[in-house]
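*Asks:* Dropping the sequence and predicted coords here.
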Amino acid sequence: MPAAVTVSERAARRIGEILKGEASGTMLRVSVEGGGCSGFQYKFNTDRAQAEDDLVIVRDRATVLIDQVSLGYMAGAEIDFVDDLMGASFRVVNPNATASCGCGTSFAL
């Protein structure tokens, strides 16, 4: 079983704000896809459909879904939200990544 993925308090607060404006039952789906400048990239979407084998993380008013394939790449990661001089965005702190791009959305294993 892969190590758990966690959601920081800041990320949960921002996800809750986003989902408040969506239809009831909407969740945030985080996935990993091929592409980006480092080989893989994180994708963030809203979704109302939960697959039977999705990892479901609930924190405060935030519900995050991660599919099993993406979970293999994200095991032990923390989903965070940062708002700094570079802008506001979700960041994944992934202990499996051997390299990442400057924007924080692309990584290599």
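*Replies:* That came in fine, so what should we check first? Predicted model, so just to flag it, every value in this text is computed and none were measured. Numbers count the residues shown, from 1 in each chain.
*Asks:* Next, give phi and psi for Phe40.
*Replies:* Note on Phe40: backbone dihedrals following degrees, to the nearest 10 are phi -130, psi 150.
*Asks:* wait, it sits on Glu33?
*Replies:* Yes: using C-beta atoms under 8 Å, Phe40 is in contact with Glu33, at 6.9 Å. The way it works is simple: take the backbone N, C-alpha and C, and place the C-beta from them, glycine included.
*Asks:* Neighbour count: the two, which is higher?
*Replies:* Phe40 (21 against 12; other C-beta atoms under 10 Å).
*Asks:* Quick one: list the elements packing against the helix ranked longest in the chain.
*Replies:* Scanning the chain for the longest helix, with DSSP state H as the assignment, gives helix 9-20. If you count contacts as 3 or more C-beta pairs under 8 Å, 6 or more residues apart in numbering; DSSP states H and E, helix 9-20 packs onto strand 27-34, strand 62-66, strand 78-84.
*Asks:* Give the buried residues for it.
*Replies:* Using 16 or more other C-beta atoms under 10 Å as the test for burial, helix 9-20 gives Ala11, Ala12, Arg14, Ile15, Leu19.
*Asks:* what angle sits between that helix and strand 27-34?
*Replies:* For helix 9-20 against strand 27-34, the angle by axes from the mean of the first three to the mean of the last three C-alpha atoms, to 10 degrees is 110 degrees.
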